[in-house]
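Q: Kindly return the folded structure for what I paste below:
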Amino acid sequence: MSTELTECPHCKTNLKSGLFSSVTLLDNNKVKIINEFIESPFDTYCTKCGNELYSKYSKILMEEKQNLTQEFYNLIYSIPVISIHTPYNWEYEILEMVTGQSTTGTGVLSEFTSSFTDLFGVQSKRYNQKLKFGENMCLAQLRKQTLDLGGNAVIGTDIDYSEVGGQKGMLMVCMGGTAINITNIEVLGKDRADNIAKIKELNKRIDELNEYDLNDENETVIIISHK
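A: Down below sits the predicted model:
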């Protein structure tokens, strides 16, 4: 038979509720975040001691997530994404299809068409930058999905470009491929194999941190650029 708490298990402050002064227990989500990092965890905390602990450890969680995510995207390009279907000397098991989509910019195709003579100038450079951004977004999606499936490479990859949105000229980049798990990972070389092992660890930890709700705290923003 459970007993209702009358004091905080952590700081021993008496629990009370009132119009001008109250001390209540923290919600479970905040308790989980505190207990992820605190050295000696408790079953729960009160608002008097817990709010400060939550503020401290939620910042630690966000910082860890940011650092891990940046490291993840610095290494993610070690995962091969290729167009051929049967790479030489690769021994692998097929997982499933993975896809990526990105919509970028406005008026890119009409802009490019009207300035075709500017092939080596500003307009074509801007167009190519938008294409490359869309491609990199799709590649990152394919690689992330492959990691989530337990894989380490993508084969048979196809890429398509199209303009969507009528006169708005939104550029859509789509990719699709087959996620695989290479069993003789050493065929990729030691450095790449080590990087992929590291990426898998990072992906697992990031997914664990993503389970925590930071109550609308600032989201991690990572710029994806091709290596």
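
Q: these two touch, right, Met175 and Ile82?
A: No. The pair Met175 / Ile82 is not scored as a contact, 12.0 Å apart, by CB atoms under 8 Å. Any C-beta I mention is one placed from the backbone N, CA and C, and that applies to glycine too.

Q: Just the terminal-to-terminal distance for stretch 88-95.
A: 19 Å (CA to CA, to the nearest Å).

Q: contacts for it?
A: Contact with stretch 88-95 is made by 146, 149-151, 153, 155, 178-184, 187, as judged by CB atoms under 8 Å, 6 or more residues apart in numbering.

Q: For those residues, give me JSON lines that also has neighbour count.
A: Below are the contacts of stretch 88-95 laid out as JSON lines (neighbours: other CB atoms under 10 Å):
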{"residue": "Thr146", "neighbour count": "25"}
{"residue": "Leu149", "neighbour count": "14"}
{"residue": "Gly150", "neighbour count": "11"}
{"residue": "Gly151", "neighbour count": "24"}
{"residue": "Ala153", "neighbour count": "24"}
{"residue": "Ile155", "neighbour count": "20"}
{"residue": "Thr178", "neighbour count": "19"}
{"residue": "Ala179", "neighbour count": "25"}
{"residue": "Ile180", "neighbour count": "24"}
{"residue": "Asn181", "neighbour count": "16"}
{"residue": "Ile182", "neighbour count": "21"}
{"residue": "Thr183", "neighbour count": "12"}
{"residue": "Asn184", "neighbour count": "11"}
{"residue": "Val187", "neighbour count": "15"}
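
Q: returning to what we had before: more neighbours: which of Met175 and Ile82?
A: In this view Met175 and Ile82 are compared by other CB atoms under 10 Å, and Met175 has more residues nearby, 22 against 13.

Q: Cys8 versus the more buried one, what's the distance?
A: Separation of Met175 from Cys8 (CB to CB, to the nearest Å): 52 Å.

Q: Pull the most distant pair out of the contacts of stretch 88-95.
A: Farthest-apart pair in the contacts of stretch 88-95 is Leu149 and Val187; separation 19.8 Å (CB to CB).

Q: Worst mean pLDDT across the helices and strands of this structure, which element?
A: When the helices and strands of the chain are compared on mean pLDDT, DSSP states H and E, helix 108-114 comes out lowest with a mean of 51.

Q: Find the residue at the geometric middle of this structure.
A: Centroid-nearest residue in the chain: Thr69, 6.5 Å away (criterion: CA atoms, centre = their mean).

Q: would you say that one is within a helix?
A: Yes. With DSSP: H, G, I helix; E, B strand; the rest coil as the criterion, Thr69 is part of a helix.
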